[in-house]
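Engineer: this one's sequence-less:
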């Protein structure tokens with residue numbers, strides 16, 4: 001359903017600062033907890049995969065992909081169930097109306113372009129040929145089998161549910177739909193971009209999530225600084241004190257910006273990091289307009305498919321195929 005026909009999802013004129021801080025805190029806790037859960041499932045599945053493979057004859061890597069993907073989706077499902085019961089969130093899966101189909105198509109095309117940008121280093125250096133790209137496109141159906149298909153499906157579903165059903169759904173409760181697009185883009189990209197330089201592809205069996213101790217600590221610092229600033233604005237009459245309370249917020253946001261770009265040393269890594277920010281932004285925008293998780297899923301699906309082609313093309317170029 002398009003936004004023009006759903007006034008309820010438009011941005012609210014008033015913003016409750018306390019609600020913003022509360023929902024931001026919930027989002028940070030949610031993302032940190034999910035990262036810990038994913039790491040725990042990975043540690044639990046690794047020792048078991050070889051034992052199961054030895055007794056069943058199934059490829060151990062496939063076993064790990066399927067089992068861990070199911071566990072990740074199960075964890076997201078549990079979080080969604082809690083959000084529905086405790087926060088009354090919705091996870092709409094209705095097909096977008098016909099007047100919104102164009103926007104979804106443009107979003108998917110934009111995602112494909114963003115994925116294609118990853119191939120620029122090989123193009124500029126002359127290492128890539130048209131034959132490499134043709135071979136990658138021809139080999140895509142063969143890739144969509146076994147682990148790759150599982151990874152792609154969990155990535156698409158995980159990104160849509162986590163960053164839009166949960167994060168964007170929570171944020172728009174306090175800041176409205178339009179502001180939530182910006183907030184979701186910045187916050188999600190902060191936790192979704194790798195710390196050590198983005199690499200080509202990156203669709204690996206779950207939503208992008210990279211929560212280091214430093215990133216988590218800085219995110220908590222931002223929330224605490226905001227809480228102090230809100231308290232000062234509401235409880236202190238002295239304008240100088242209220243103005244001073246904004247300084248830690250600015251400092252914490254600046255520290256978060258530095259933390260985000262830490263580990264991005266090369267221009268191509270910066271390009272990939274920026275493209276991830278843009279991708280989340282495109283998905284957040286189409287979700288705000290259509291109010292259906294199928295829309296961001298289409299955006300991430302387009303990105304994932306083109307990323308597979310890009311990764312294969314670069315692989316062929318390196319091998320000289």
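Structural biologist: Received the coordinates, thanks. Source: prediction; values computed, not measured.

Engineer: could you pull out the strands for the stretch 151-300 of the chain?
Structural biologist: With DSSP state E, counting those that start in this stretch as the criterion, the stretch 151-300 of the chain has no strands.

Engineer: How much space separates the nearest residue to residue 148 once chain neighbours are set aside from residue 63?
Structural biologist: Closest residue to residue 148 apart from its sequence neighbours, by CB to CB, 6 or more residues apart in numbering: residue 308 at 7.1 Å. (Each C-beta comes from the backbone N, C-alpha and C, glycine too.) For residue 308, the distance to residue 63 (CB to CB, to the nearest Å) stands at 22 Å.

Engineer: now do residue 35
Structural biologist: Going from residue 35 to residue 63 by CB to CB gives 23 Å.

Engineer: residue contacts, the residue nearest to residue 148?
Structural biologist: 136, 140, 143, 144, 148, 152, 201, 203 (CB atoms under 8 Å, 6 or more residues apart in numbering).

Engineer: same question, residue 279
Structural biologist: Residue 279 sits next to 111, 114, 299, 300, 303 when contact means CB under 8 Å, 6+ apart.

Engineer: Excluding chain neighbours, what is closest to the last one?
Structural biologist: It stands for residue 303. residue 111 (4.0 Å).

Engineer: what does the second one give?
Structural biologist: With CB to CB, 6+ apart as the measure, residue 275 is the residue that lies nearest to residue 114, at 4.4 Å, once sequence neighbours are left out.

Engineer: What sits closest to residue 129 if chain neighbours are left out?
Structural biologist: residue 317 (7.0 Å).

Engineer: could you give me the average pLDDT of the helix or strand hosting residue 49?
Structural biologist: Assigned by DSSP states H and E, residue 49 belongs to helix 17-56. Averaged across helix 17-56, the pLDDT comes to 86.

Engineer: Now distance to residue 256 too, for the contacts of residue 279, in a markdown table please.
Structural biologist: Output for these, formatted as a markdown table (distance: CB to CB, whole Å):
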| residue | distance to residue 256 |
| --- | --- |
| 111 | 25 |
| 114 | 23 |
| 299 | 25 |
| 300 | 24 |
| 303 | 25 |
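
Engineer: May I ask which of these has the most neighbours?
Structural biologist: Taking other CB atoms under 10 Å as the neighbour criterion, residue 299 ranks highest of those with 30 neighbours.

Engineer: Might one say that that residue is in contact with residue 286?
Structural biologist: Yes - between residue 299 and residue 286 there is a contact under CB atoms under 8 Å: 6.1 Å.

Engineer: any residues in contact with both of these two?
Structural biologist: 104, 107.

Engineer: In terms of secondary structure, what does the helix holding residue 49 contact?
Structural biologist: helix 60-87, helix 169-175, helix 177-192, helix 213-235 (3 or more CB pairs under 8 Å, 6 or more residues apart in numbering; DSSP states H and E).

Engineer: Which one, of those helices, ends up nearest to residue 269?
Structural biologist: helix 177-192 (14.3 Å; CB to CB).

Engineer: Could you name the helices and strands sitting against the closest one?
Structural biologist: helix 17-56, helix 169-175, helix 213-235, helix 239-261, helix 267-290.

Engineer: For the ones you listed, please prepare a markdown table with the additional fields distance to residue 128.
Structural biologist: Below are those laid out as a markdown table (distance: least, CB to CB, whole Å):
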| stretch | distance to residue 128 |
| --- | --- |
| helix 17-56 | 33 |
| helix 169-175 | 39 |
| helix 213-235 | 33 |
| helix 239-261 | 27 |
| helix 267-290 | 13 |
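
Engineer: confidence score at the residue nearest to residue 148?
Structural biologist: 89.

Engineer: and the host helix or strand of it, how far out from the chain's middle?
Structural biologist: Using DSSP H and E, residue 308 maps to helix 294-319. Its chain's C-alpha centre and that of helix 294-319 lie 16 Å apart, by CA atoms, centre = their mean, to the nearest Å.
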